[in-house]
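Trainee: next comes the sequence, and after it the predicted model I'd like to discuss.
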Amino acid sequence: MKLKRFDYKIINSTNDLAIKLIKYSKNKSGIIVAEKQKKGRGRYGKKWISYKGNLFVSIFFPISNVRLSLTELTTINCLLVKKVVSNFYKGKIFIKKPNDLLINKKKISGILQEVFHYAGDKFVIVGIGINLIKSPKIASYPTANLSDLTNLKISCNSVVFKLKKTYEKFIPILLRSNIKNIYKFK
């Protein structure tokens, strides 16, 4: 499956825009990339701090025939994002359930997954934030960024390219609901 790419300078939320595209356009799958979000969010409506230069992406596609629980989908999406981050960071990356990636016990990425029903179809929207160049200051939650960890400048485009290719390869496996192949996905 090919994902159409939608690029924006500043938007409220990549996940909210995915819902609008599903509802008001012919695009039922795609990848939305924003340089900055004004109203990015995490789980339970928590604010996602969106520093310019970090990555803000939502990937959306139909899953009407997929028979996996939300928990299973969340685990799979964490594994896919971990796979992409491992292209840039060679050390240990941990999944902190349900939806964060940690390096050295510090948050590097968060994933907000939403299931959306529209016109008789079911869609998943996978919002992905990755700290590439700047770490938000959160009192109770240490954070990190890939630039500091690798001493490299990692461009949003290079990460988006890897995410897009990974999901384009993965989505057909998911849509066939072949659980064994999902967890073996490389």
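Mentor: In hand now; what should we look at?
Trainee: any idea which element the most centrally placed residue in the chain lies in?
Mentor: In the chain, the centroid-proximal residue (C-alpha atoms, centre = their mean) is I128; its distance is 2.5 Å. For I128, the host element (DSSP states H and E) is strand 121-130.
Trainee: give the other helices and strands that that strand contacts.
Mentor: Counting contacts by 3 or more C-beta pairs under 8 Å, 6 or more residues apart in numbering; DSSP states H and E, strand 121-130 packs against helix 14-24, strand 55-62, helix 70-85, strand 106-118. Where you see a C-beta, it was placed from the backbone N, CA and C, and this is true even at glycine.
Trainee: list the buried ones in it?
Mentor: F123, V124, I125, V126, G127, I128, G129, I130 (16 or more other C-beta atoms under 10 Å).
Trainee: which non-adjacent residue is nearest E35?
Mentor: Of all residues not flanking E35 in the chain, K9 sits nearest, at 5.1 Å (C-beta to C-beta, 6 or more residues apart in numbering).
Trainee: looking at the helices and strands packed on strand 121-130, which is closest to K97?
Mentor: helix 70-85 (8.1 Å; C-beta to C-beta).
Trainee: nothing else from me, thank you.
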